[in-house]
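Chemist: Would you be able to build a 3D model of this:
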Amino acid sequence: MKQHIISVGILVVLSATGSAQDGKLTVAQAKKLLPRAAGISNTDLTALTEGRRPEAVKNKSLSLVLLTLTPPAVKNAEADKEFRQFDDKPRPVSDVLEAMWTSKDEGYASFIQPKYITDCTCESTADRAEGVVTFKSDLFAGRVPFVARATKGGWVITEFRLTQYKTRVVRGEDGVWKQEALPGK
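Modeler: Residues are numbered from 1 along each chain as shown. Okay, here's the model as predicted:
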């Protein structure tokens with residue numbers, strides 16, 4: 001009986017500590033959310049590979065924006081940190097798409113795949129979080145700030161920022177991503 005009461009007491013203390021921690025978005029949680037949030041659906045990517053214009057895709061996810069991004073005319077080290085494709089040798093677009101589509105069985109393609117994440121930071125309150133995800137594959141690399149919000153169903157990534165390109169990608173209430181100009185400072 002005493003052992004049972006002690007076990008219950010320990011469980012109460014542990015769950016109270018865990019629930020306080022659960023209110024904030026952790027780096028581990030962010031790493032799980034970011035790839036899909038940044039991704040483009042298999043359906044949209046297939047349509048693009050079959051000739052559909054990017055403008056015709058309703059969901060303007062971060063990966064779609066990065067895929068269609070025009071690099072600066074003048075070399076810009078800060079823009080290269082946000083996103084760049086390695087151009088040490090010419091590579092077919094199919095190689096980039098293949099690298100993005102390692103999550104095909106999960107229904108999306110993304111520049112930010114779990115195996116490409118090299119660093120992730122996250123500062124969180126109970127209802128809002130901001131951080132930066134850094135990713136790198138053999139073909140591309142980037143460092144993109146993000147915003148997340150707590151919802152009844154859990155944490156949701158709601159924004160990505162490409163400050164050097166004066167662009168942000170924002171998730172609407174309907175779950176559809178839109179590309180917008182970054183507000184001036």
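
Chemist: so how far is stretch 47-67 from its chain's centroid?
Modeler: The chain centroid and the centroid of stretch 47-67 are separated by 16 Å under Cα atoms, centre = their mean, to the nearest Å.

Chemist: what residue lies at the spatial centre of this protein?
Modeler: In the chain, the residue lying closest to the centroid (Cα atoms, centre = their mean) is Leu34, at 3.2 Å.

Chemist: From the contact count, pick out the helices and strands touching whichever strand or helix holds it.
Modeler: Taking DSSP states H and E as the definition, Leu34 sits inside helix 27-38. Contact here means 3 or more Cβ pairs under 8 Å, 6 or more residues apart in numbering; DSSP states H and E; on that basis helix 27-38 packs against helix 62-67, strand 117-124, strand 128-136, strand 140-151, strand 154-162. All C-beta spots, glycine's among them, are computed from the backbone N, C-alpha and C.

Chemist: got those as JSON lines, with mean pLDDT and distance to Gly172 columns?
Modeler: Output for the helices and strands packed on helix 27-38, formatted as JSON lines (pLDDT from 0 to 100; distance: least, Cβ to Cβ, whole Å):
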{"stretch": "helix 62-67", "mean pLDDT": "94", "distance to Gly172": "14"}
{"stretch": "strand 117-124", "mean pLDDT": "98", "distance to Gly172": "22"}
{"stretch": "strand 128-136", "mean pLDDT": "98", "distance to Gly172": "17"}
{"stretch": "strand 140-151", "mean pLDDT": "96", "distance to Gly172": "12"}
{"stretch": "strand 154-162", "mean pLDDT": "97", "distance to Gly172": "9"}
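
Chemist: Using CSV, lay out these together with mean neighbour count and distance to Glu98.
Modeler: Shown next, in CSV, are those (neighbours: other Cβ atoms under 10 Å; distance: least, Cβ to Cβ, whole Å):
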stretch, mean neighbour count, distance to Glu98
helix 62-67, 24, 13
strand 117-124, 15, 18
strand 128-136, 19, 16
strand 140-151, 18, 12
strand 154-162, 19, 23
